[in-house]
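Engineer: turn this into a model:
(2 chains)
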Amino acid sequence: MTSMTGKQRISAAFKKTFSDADPELDRVPAYMFSGACNSQLVGSTIGELMQDGQIFAKGQLAAYERYKPDIMLMMWDLNVDLEAIGNEIRFPDDSMPVITKEILEDKGKLSSLQVPDPKKDGRLPAYLDACIEVKKHVTDSPVSGVIAGPWTIAMGLRGAANLLRDSIKDPEYIHELMEFCIQATINSTQALSEIGVGVGYSEAPASMDLISPKMYREFVFPYHKKIVDHFKEKKIGVGLHVCGNADAILDDLVATGVSNLSVDSGSDLALAVEATRGKAVLIGNVPTELFLAESAEEMRQSIQNCIHVAPNDSGYILATGCEVPAIAPPKKVDWFMDLAEELGAYN
Amino acid sequence: MSQEMFDKLAQAVIDGESEDAEALAKQALEQKLDPLACITNGLTVGIQKTGELFASGEYYLPELIIGADAMKAAMQILEPALLSGQEREVTGTIVIGTVEGDLHEIGKTLVGTMMTANGFRVIDLGTDIPSADFIDAVKESGANLVGASALLTTTMLQQEKLISSLKDAGLREQVKVMVGGAPVTASYAKQIGADGYAEDAISAVDLAMRLIDAPA
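Structural biologist: Residues are numbered from 1 along each chain as shown, chains lettered A, B, ... in the order given. Prediction:
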């Protein structure tokens, strides 16, 4: 068959999950999470790209031209909401932004925090503008925003160690904090959907690398569900990405009602297939360290394995488990889409 | 009964009760118990048990963090009370820190706690530490181990830089270098010339023990 567009491939993946239809596909749908590494395509530093939404947009467009992913993910950094709320951030030239001050180091400040306005505060407006700009030029593939989920925001505001202490010493506080954080996530999601881009939220620290399944169910799940329900009423589906090993909560993640679930290489793809079948489009999970490997051999094996394990009867999108390392050379990012093309071809 | 006090101290660590641990440590000193024995037979036993519960999957990171907090709270009372000349037997000296550009703290700090509990002298430099500061600390302390943590794919490169800086400073033969952090793997550790990689704070202790027993 003739070559399909990204939009057609992604739409087919959703139909496979949510209907009895079995639309034809020319190859496995595929995309990677890339943002910071695109600074190399536009000759900027990572720090410049992270502070200037126009450079970011230029980088994403250059990446689209070069790699032709089936989804154009607008992966900036996950501190955008945190910064707009009040965290202090440093932007190194050659590395990812780092938090230098957590606004809720003193937990009492929670009552004085304002939910940010995506059209006004911090880098949020620049992010929205970048999404608008990219969507204008990328017409063959869906453009999707990615923002920090509420647990990521909570952890960023309070500090990881402190939030984990609170989980045992002051659980009520976490619930208060999460009520605040979902407002931030909801506002950002709303603003993104108004400009017509898809929305997924990233919950890097919601896996068992940091918390127990019991903690996920107590402190995170109810809030994930609230966000998903809020947008379901408006007929907007949202996606979810979790870093690390989420094997023990895969069913819970799906039960939030998200329309797509992206798992990291720490999670077992076969288990994720079972958890998502007929309920959510599965996305994953090529290890990102393979973008720094000497040769493409390991990436080839990993992609082959993903395709082998992926479901035939439910939607699946081949993707990186997490963000492509900022320092990955573009020629190694080429490997990914080239291999998807080669190994993922149907018939 | 001293054993009863040791058990209580251990339990306070296992339960992650900092205030209890601190109060018990003060009580122990009032009862003229040997502070070194309180550390060795109480706190250390507690944190090792906490580590075992983590390794077996019963405990997760939060329990490990509050257990380490409780241990630290009691140590702050007991350590100054150690008699002069009465020092803990030192297994080895390790300089640890999170590399430059990286502010992730939890894993690095837990490694420090577990190493302390296992008799190591730990010089914890903190986070966002340039190679030069590691080098200064190694020189000053005469450390035989260095532990460098990195949680970002961008900052992982600093671990490699640290190893070459140690070489340039003529210190590479003096120390064994351990690396860790979420994106770090055993093969990456090998590739950059580190002596070892550990996945978590518990296995970091085993690794350190192995490394310093190994012939230089």
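
Engineer: quick check: whichever residue of chain B sits closest to chain A vs B:Ile77, distance?
Structural biologist: Taking C-beta to the nearest C-beta, chain A has its nearest neighbour within chain B at B:Thr153, 3.5 Å off. To be clear about C-beta, it is placed using only N, CA and C from the backbone, and glycine gets the same treatment. B:Thr153 is 41 Å from B:Ile77, where distance means C-beta to C-beta, to the nearest Å.

Engineer: those two: which has the busier surroundings?
Structural biologist: For B:Thr153 versus B:Ile77, neighbours defined as other C-beta atoms under 10 Å in any protein chain shown are more numerous around B:Thr153 (26 against 19).

Engineer: quick check on the more buried one: phi, psi?
Structural biologist: phi -60, psi -30 (degrees, to the nearest 10).

Engineer: how about the nearest residue to it, chain neighbours excluded?
Structural biologist: The spatially closest residue to B:Thr153, leaving aside those adjacent along the chain, is A:Pro325, at 3.5 Å (C-beta to C-beta, 6 or more residues apart in numbering or on different chains).

Engineer: which bits of chain A sit near chain B?
Structural biologist: A:36, A:46, A:92, A:94-96, A:98-100, A:160-161, A:164-165, A:167-169, A:208-212, A:215, A:244, A:288-289, A:292, A:325-328 (C-beta under 8 Å from any C-beta of the partner chain).

Engineer: from those, which land in strands?
Structural biologist: Counted as lying in strands by DSSP state E, out of the residues of chain A next to chain B, are A:Val98, A:Ile99, A:Thr100.

Engineer: filter those to the buried ones?
Structural biologist: A:Val98, A:Ile99 (16 or more other C-beta atoms under 10 Å in any protein chain shown).

Engineer: re the thing from before, contacting residues around the residue of chain B closest to chain A?
Structural biologist: Counting by C-beta atoms under 8 Å, 6 or more residues apart in numbering or on different chains, B:Thr153 touches A:Thr288, A:Glu289, A:Leu292, A:Pro325, A:Ala326, A:Ile327, A:Ala328, B:Pro183.

Engineer: just the pLDDT for the last one.
Structural biologist: On pLDDT, B:Pro183 comes in at 86.

Engineer: quick one: classify it as helix, strand or coil.
Structural biologist: Assigned by DSSP: H, G, I helix; E, B strand; the rest coil, the conformation of B:Pro183 is coil.

Engineer: what's the nearest residue to it if we skip its chain neighbours?
Structural biologist: That would be B:Thr153: by C-beta to C-beta, 6+ apart, it lies 4.9 Å from B:Pro183.

Engineer: elements contacting the longest strand belonging to chain B?
Structural biologist: Longest strand of chain B, by residue count under DSSP E: strand B:92-98. Where contact means 3 or more C-beta pairs under 8 Å, 6 or more residues apart in numbering or on different chains; DSSP states H and E, strand B:92-98 is packed against helix B:106-117, strand B:120-124, helix B:131-141, strand B:145-149, helix B:201-213.

Engineer: now do 10 Å
Structural biologist: If you count contacts as 3 or more C-beta pairs under 10 Å, 6 or more residues apart in numbering or on different chains; DSSP states H and E, strand B:92-98 packs onto helix B:106-117, strand B:120-124, helix B:131-141, strand B:145-149, strand B:176-180, helix B:201-213.

Engineer: partner strands of it, parallel or antiparallel?
Structural biologist: Sheet pairing here is set by DSSP bridges, and for strand B:92-98 it gives strand B:120-124 (parallel), strand B:145-149 (parallel).

Engineer: so how far is the helix or strand just after the last one off the chain centroid?
Structural biologist: In this case it means strand B:145-149. Going down the chain from strand B:145-149, the next helix or strand is helix B:156-168, by DSSP states H and E. Averaging C-alpha positions (C-alpha atoms, centre = their mean, to the nearest Å) puts helix B:156-168 21 Å from its chain's average.

Engineer: stretch B:141-158 too?
Structural biologist: Worked out by C-alpha atoms, centre = their mean, stretch B:141-158 lies 13 Å from the chain centre.

Engineer: so who does A:Leu271 touch?
Structural biologist: A:Ala246, A:Asp247, A:Ala248, A:Leu250, A:Asp251, A:Val263, A:Val309 (C-beta atoms under 10 Å, 6 or more residues apart in numbering or on different chains).

Engineer: just the CA atoms of the helix or strand harbouring it, as CSV, please.
Structural biologist: Element membership for A:Leu271 (DSSP H and E) is helix A:269-276. Extracted as CSV, the C-alpha positions of helix A:269-276 are listed here (Å, rounded to 0.1, in the frame of the first residue of the first chain):
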residue,chain,number,x,y,z
LEU,A,269,5.9,-4.2,27.8
ALA,A,270,4.2,-7.6,27.8
LEU,A,271,2.5,-6.7,31.1
ALA,A,272,1.5,-3.3,29.6
VAL,A,273,0.0,-5.1,26.6
GLU,A,274,-2.3,-7.1,28.9
ALA,A,275,-3.2,-4.0,30.9
THR,A,276,-4.0,-1.8,28.0
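
Engineer: need the strands paired with strand B:92-98 in JSON lines (columns: mean pLDDT).
Structural biologist: Shown next, in JSON lines, are the strands paired with strand B:92-98 (pLDDT from 0 to 100):
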{"stretch": "strand B:120-124", "mean pLDDT": "94"}
{"stretch": "strand B:145-149", "mean pLDDT": "97"}
